[in-house]
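[1] A predicted structure for the sequence below; I have some questions about it.
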Amino acid sequence: MLTGNDSGISTYKGEERALRADRIGLGGLLLSVLAASAPLMVVAGVMPTTYAVMGIVGQPLLFVLLGVVLALFSVGYAEMSRHVHNAGAFYAYIARGLGGTAGAGASVVALVAYSAMQVGIYGIFGFEIAGLAGKYFDVTVAWWIPSVVAALIVGVLGWLKIDLSAKVLGVLLIVECAMVVVFDFAAISDPGAEGLSLQAFNPETLAGAGLGTALCFAFASFVGFEQAPVYAEETKRPQVVVARAMFLAVSFAALFLAVSSWALNVASGPSRIVQDAQEQSAGLLFHLAEGRLGGTFTDIMHIFFVTGMFAAMLSFHNVVARYAFAMGREGLLPASVGRTNRTSGAPGTGSLLQSIVSLVVILVFAVTDDKPHGDPTAPVLNMFTWMGNVGALGVIVLMTTASAAVIAFFVRRGAGRAQAWRLVCSGISGVAMVTIIVYTVKDFDVLLGTEPGSPLRWILPGIIGLSVVGGLVYGLVLRTVKPEVHRRIGLGNEAFQLEKTAASDAAAGTTGSTGSGGTRV
């Protein structure tokens, strides 16, 4: 659908309704999606929490198993990306496979899930910055102040070009990955008292009351690779680049996370890792690194722990802005949201809205924080952990639905036999993710540290449930009240091209039987 003009804009609605094409290649795309997983944040924050709270010693095996499931998911998802290019990736795929109503439901879930994951990181980011200010400069800073400053900076970068953001993300990602790899080698070269034990890969080590929530935590560590199709309209050769970026991201994440969690395991020892994680909490990595690599290395690692979180916030911000842009372009949100900056081609209105949401949530948690300075309850145990897991649950729901949508898309187009092995992979991954959802919801009380009967254990996962129901109801209303909007869901730029064709046919005096404006492609 390229028009041949120099800007690469292919939408009939005009430049402000399209993202700039050919702005990001394979390297930039790969760095952008990997940055969302914030490798150092996962190793320093998520892994110790999983060991300490859930008591799951077999974390390395968990990452291997999830890597297999997500690789299977990527087979069908990547093939879908070759046929549908839309910044609203998840909901667009679901709409094209399961219909506009399902697509509307998925669009709401995507906004809620990715917004929750992005905003949640501001909590732990602010807490860490406040701690560093007190340690190195003897300055007392409330955690929410650096969180607000970070939200403003991320908002500015989100307003600018994606290639600038990709460069920022890339530099931060490479450095933090290098530091984790250095620790991995140090831990494996100088293991704890139990030596290079492979006990963590024993299936029996997955037993524990918090297996479901551990699955959700581990799954959240992979989140990012599935965002590659969001940038399809802005990439060079999207039919090739998007699929390659996804497979490379999944492969890298599975290997990196499994090895790093094993390195933590052997550095402490399988019999002590849970106790050490409970004692050190998010300081476990730094405690183990300092004894092997020295205080200077550990101090530098602290710095890149912070920059890694910043990279993740920026990456998620870009994704949420593009989902909002896609929804505005198709009529699911006000039309003003579906416009880009004339100077940068970035989804400026969507970026601004996400910045406002971030600031509001940060301030809500700040106002309700009645703990003394330095207490991690509000910023980390509540804001980061609660919202991160709510977001991860939402992404799992989207992936599960997308697996079904991939199957429906190709079967309805008579390509079921030709795509048989890809559809089988989608089916297997879909069943596996339904299992993860069931276990996650069942064990949510372990994450919260509450009694099984606590209302909170249902309220938090219920946010995603309400998003699903609300989105589906919205889709049904659109189908009745605005059928033309409902028909456009998931079509992206294609909808505008169809409108142009229909308008041309009408002007030429053609009848509805010869026009193509009502055809859904």
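    Happy to help now that I have it. Just so you know, these numbers come straight off a predicted model, no measurement behind them.
[2] could you find the closest non-adjacent residue to Y122?
    Among residues not flanking Y122 along the chain, S147 sits closest, at 4.3 Å (C-beta to C-beta, 6 or more residues apart in numbering). Using the backbone N, CA and C atoms, a C-beta is placed for each residue, glycine as well.
[3] quick one: pLDDT of the one you found?
    Listed pLDDT for S147 reads 97.
[4] again, but for A89
    79.
[5] and it, how many neighbours?
    By other C-beta atoms under 10 Å, 29 other residues sit near A89.
[6] do the same with G416
    15.
[7] correct me, but it touches V406?
    No. With contact defined as C-beta atoms under 8 Å, G416 does not count as touching V406 (11.0 Å).
[8] what touches both of the two?
    L423 (C-beta atoms under 8 Å, 6 or more residues apart in numbering).
[9] ok, back up a step: which ones are touching the residue nearest to Y122?
    If you count contacts by C-beta under 8 Å, 6+ apart, S147 has them with 122-123, 125-126, 362, 366, 379.
[10] residues near Y93, how many?
    For Y93, using other C-beta under 10 Å, the count is 28.
[11] who's in contact with it?
    Contacts of Y93 (C-beta under 8 Å, 6+ apart): 77, 80, 84, 229, 402, 405-406, 409, 490.
[12] with F384 instead?
    45, 120-121, 123-124, 127.
[13] out of those, flag the one nearest to S261.
    G45 (12.5 Å; C-beta to C-beta).
[14] so that closest one: helix, strand or coil?
    Secondary structure state of G45, per DSSP: H, G, I helix; E, B strand; the rest coil, is helix.
[15] burial count for the residue lying closest to Q59 once chain neighbours are set aside?
    Leaving aside its sequence neighbours, Q59 sits nearest to S261 (C-beta to C-beta, 6+ apart; 4.4 Å). Applying other C-beta under 10 Å, we find 28 residues neighbouring S261.
[16] give me the element S261 is part of.
    helix 238-268 (DSSP states H and E).
[17] list the buried residues of the helix or strand that that helix is followed by.
    Counting by DSSP H and E, the next helix or strand C-terminal to helix 238-268 is helix 273-280. Buried residues in helix 273-280, counted by 16 or more other C-beta atoms under 10 Å: 273-274, 276-277, 280.
[18] just those residues now: which is nearest G99?
    A277 (45.4 Å).
[19] what's the distance between the closest one and P146?
    In this view, A277 and P146 are 26 Å apart by C-beta to C-beta, to the nearest Å.
[20] export the contacts of S147 to TSV and append columns for neighbour count, pLDDT and distance to L285.
    Below are the contacts of S147 laid out as TSV (neighbours: other C-beta atoms under 10 Å; pLDDT from 0 to 100; distance: C-beta to C-beta, whole Å):
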residue	neighbour count	pLDDT	distance to L285
Y122	29	95	21
G123	29	93	19
F125	27	93	17
G126	30	94	20
I362	23	97	26
A366	19	96	27
P379	28	91	19
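[21] just list the residues touching the closest residue to P229 other than its chain neighbours, thanks.
    Of all residues not flanking P229 in the chain, A89 sits nearest, at 3.7 Å (C-beta to C-beta, 6+ apart). Applying C-beta under 8 Å, 6+ apart to A89 gives the contacts 81, 226-227, 229-230, 232.
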